[in-house]
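Novice: the sequence and its predicted three-dimensional model are supplied below.
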Amino acid sequence: MSTLKIRPAAGDQAPGHSPGRVSGAAPTGADPAAARAAMVARLEEEGALRPGPVRDALLALPREVLMPQAYVRRSAPGEEPPRWDLLDCSVLRDRPELLGLLYGGASMLVQHDGETLLGRARGTRSGASITSMSTVMGLTAELLEELDLRSG
């Protein structure tokens, strides 16, 4: 049986965590508009996105409003129990890392142990598992492009 523990997130990074750049993520410290533009440019380079309404929407849509919180794993692979920090965009020190994750293109870890998605307290969780995540941004862009959306 797994144990769920929640405690406030520490300011220090877990051992082995490299602050400043998350694999595939936008540089930390990036402002949201610049991070969105970099994400869109990367999706265009990858061929997942073309000029049109989907591109325009991705440039305009602040993902941090849709996903103001997300988890980042702090434990090493195989470490038991696993640990995750819930980052919150409203917390100034969380914003650079969370923006990097939001606009980096990878899947976002959004739910731990079936918890409610609203009203969660920022902090560290250990035990249990991640029970929901977002779709990889490149796949989302490709699927939206397949819909052949039109303005209006």
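Specialist: Nice, thanks for sending it over.
Novice: ok but residue 125 is inside a helix, no?
Specialist: No: counting by DSSP: H, G, I helix; E, B strand; the rest coil, residue 125 is not found in a helix; it is strand.
Novice: quick one: it from residue 119, how far?
Specialist: To residue 119, residue 125 is 15 Å away according to CB to CB, to the nearest Å. C-beta coordinates here come from the backbone N, C-alpha and C atoms, glycine included.
Novice: the more surrounded of those two?
Specialist: The neighbour count for residue 125 versus residue 119, taken as other CB atoms under 10 Å, is higher for residue 125 (24 against 6).
Novice: tell me what the more buried one is bridged to.
Specialist: Applying DSSP bridges to residue 125 yields these beta-bridge partners: residue 6, residue 84.
Novice: so it sits against residue 75, correct?
Specialist: No: look at residue 125 against residue 75 with CB atoms under 8 Å: they stay out of range, at 10.6 Å.
Novice: list the residues that contact both of the two?
Specialist: When contacts are counted by CB atoms under 8 Å, 6 or more residues apart in numbering, residue 125 and residue 75 have 83-84 as shared neighbours.
Novice: count of neighbours near residue 54?
Specialist: Close neighbours of residue 54, defined as other CB under 10 Å, add up to 23.
Novice: I meant to write residue 60 there.
Specialist: A count of nearby residues for residue 60, using other CB under 10 Å, gives 9.
Novice: is it fair to say residue 43 lies in a helix?
Specialist: Yes: counting by three-state DSSP, residue 43 is located in a helix.
Novice: who are the contact partners of it?
Specialist: For residue 43, the contact set (CB under 8 Å, 6+ apart) comprises 49, 58, 105, 137-138, 141.
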